[in-house]
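K.L.:
quick one: sequence plus predicted model below, questions after.
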Amino acid sequence: MLTDTISIELFRNTENWKGHGEIFLFDHFWMLRDFDIRNREFLFTTQPYHMYEHRVVWVKRGQASYSFNLVDYDFKAGDLVVFYADTLVEKKYYSPDFQFDAFRFDGMVELTAEEKPVREPMSFIRLHLNEQTEPVVSQHFDLLWQMVHQKPFLKENVQLLMRSLLLFVGRQHGQANMPQPVSRQQDNLRRFVALVSRYAGRERNIPFYANKLCMAPHYLSTLVKETSGQTVMQWINETAVKEVKVWLAYSDESVAQISERLNFPCPASLVKFFKRETGMTPGQYRARK
């Protein structure tokens, strides 16, 4: 099975991260303060991974660029970001001074229906802090950091603080980000991209997505090409390659097992597909690490 990259790094390789900031670990919960990754090549570019945990990240310094569910985003100092689980992530860039605070909150706080994002296509919410919101966020992080160090671990108090911060951020985000009108073509493209990010690991044919969107395959092909400049199969194949890379990098399953898991006809079909798209075999890709 896959491992969650961040948690495995923090819990199994804690010593390697000393000197990068303050770390708190308890059970499956973690919290980071004034943290940086500039001295280690971690989550390197071109290597996607799946984020299985809800996280809050407060960018304190610098900037970074990531792809979330196939869409590129830039983050800068002052951004407070709530990331949601089941997201395909790929690092593009971070500046040498990139520094952040963060904590994991799944397993600690259950989101209500109102707090859960629309899954198509949102994978996170972002609030850029100002002189009114920054002190509130800072106070929550400071108190949360003090609370997690209490012995015994005061789970209920920690949960209440997390809930308070999430409610505050959600309300501020809602007030600052009124829905912007988009064309029907752009809305359909966003829905298509969200479906591809979710299903392309196992479904790699145009009729599947056309059916999900209640469109004729030809109409979907035309819409995607005209709106994005890429064909439907380019979107699907790019995402399928990322899914294969995730399993090659973060699982110990064989190519045959990955082939079955991702619905390829046979291992040879997976090898042929991967080499056509990347120029190397799955074995060669896995051996790079």
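P.N.:
Looks like it came in fine. Numbering: from 1, shown residues only.

K.L.:
tell me the spacing between the closest residue to residue 98 other than its chain neighbours and residue 209.
P.N.:
Counting by CB to CB, 6 or more residues apart in numbering, residue 62 is the residue found nearest to residue 98 once chain neighbours are left out, at 3.6 Å. All C-beta spots, glycine's among them, are computed from the backbone N, C-alpha and C. Remark: distance between residue 62 and residue 209 (CB to CB, to the nearest Å) = 37 Å.

K.L.:
on that earlier part again, what's the spacing between the residue nearest to residue 98 and residue 173?
P.N.:
Residue 62 sits at a distance of 22 Å from residue 173 (criterion: CB to CB).

K.L.:
just residue 234 next, same as before
P.N.:
Using CB to CB, residue 234 is found at 32 Å from residue 173.

K.L.:
more crowded one of those two?
P.N.:
A side-by-side neighbour count of residue 234 and residue 173, using other CB atoms under 10 Å, places residue 173 first with 16 against 13.

K.L.:
for the more buried one, give its distance to residue 129.
P.N.:
Between residue 173 and residue 129 the distance, using CB to CB, works out to 11 Å.

K.L.:
likewise for residue 159?
P.N.:
23 Å.

K.L.:
please apply the same query to residue 263.
P.N.:
Residue 263 sits 43 Å away from residue 129, taking CB to CB as the criterion.

K.L.:
of the two, who's got more company?
P.N.:
residue 129 (19 against 12).

K.L.:
excluding chain neighbours, what is closest to that one?
P.N.:
With CB to CB, 6+ apart as the measure, residue 78 is the residue that lies nearest to residue 129, at 5.0 Å, once sequence neighbours are left out.

K.L.:
that neighbour against residue 133, yeah?
P.N.:
No: contact criterion CB atoms under 8 Å: residue 78 and residue 133 do not qualify, at 9.6 Å.

K.L.:
for residue 61, grab phi and psi.
P.N.:
Dihedral angles of residue 61 (phi, psi; degrees, to the nearest 10) stand at phi -150, psi 160.

K.L.:
oh, I was asking about residue 62
P.N.:
Its backbone dihedrals place residue 62 at phi 70, psi -160, with angles given as degrees, to the nearest 10.

K.L.:
tell me how many other residues crowd it.
P.N.:
Residues lying near residue 62 (other CB under 10 Å) number 17.

K.L.:
just the C-alphas of the host helix or strand of residue 193, formatted as PDB.
P.N.:
Secondary structure assigned from DSSP states H and E places residue 193 in helix 184-199. In PDB, the C-alpha atoms belonging to helix 184-199 read as follows (Å, rounded to 0.1, in the frame of the first residue of the first chain):
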ATOM      1  CA  ARG A 184     -20.100  27.300 -19.200                       C
ATOM      2  CA  GLN A 185     -17.100  26.100 -21.200                       C
ATOM      3  CA  GLN A 186     -14.700  26.900 -18.400                       C
ATOM      4  CA  ASP A 187     -17.000  25.400 -15.800                       C
ATOM      5  CA  ASN A 188     -17.200  22.200 -17.900                       C
ATOM      6  CA  LEU A 189     -13.400  22.100 -18.200                       C
ATOM      7  CA  ARG A 190     -13.000  22.400 -14.500                       C
ATOM      8  CA  ARG A 191     -15.400  19.600 -13.900                       C
ATOM      9  CA  PHE A 192     -13.600  17.500 -16.500                       C
ATOM     10  CA  VAL A 193     -10.200  18.100 -14.900                       C
ATOM     11  CA  ALA A 194     -11.600  17.300 -11.400                       C
ATOM     12  CA  LEU A 195     -12.900  14.000 -12.800                       C
ATOM     13  CA  VAL A 196      -9.600  13.200 -14.500                       C
ATOM     14  CA  SER A 197      -7.700  13.900 -11.300                       C
ATOM     15  CA  ARG A 198     -10.000  11.400  -9.500                       C
ATOM     16  CA  TYR A 199     -10.400   8.600 -12.000                       C
END
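
K.L.:
when you give positions from now on, start the count at 857
P.N.:
Happy to do that; since the first residue is 857 now, the last one works out to helix 1040-1055.

K.L.:
what's around residue 1021, how many residues?
P.N.:
By the measure other CB under 10 Å, the count of residues near residue 1021 is 24.

K.L.:
and what of residue 1039?
P.N.:
The burial metric for residue 1039, expressed as a neighbour count using other CB under 10 Å, is 9.

K.L.:
look up how far residue 887 lies from it.
P.N.:
Here residue 1039 is placed at a distance of 42 Å from residue 887 (CB to CB).
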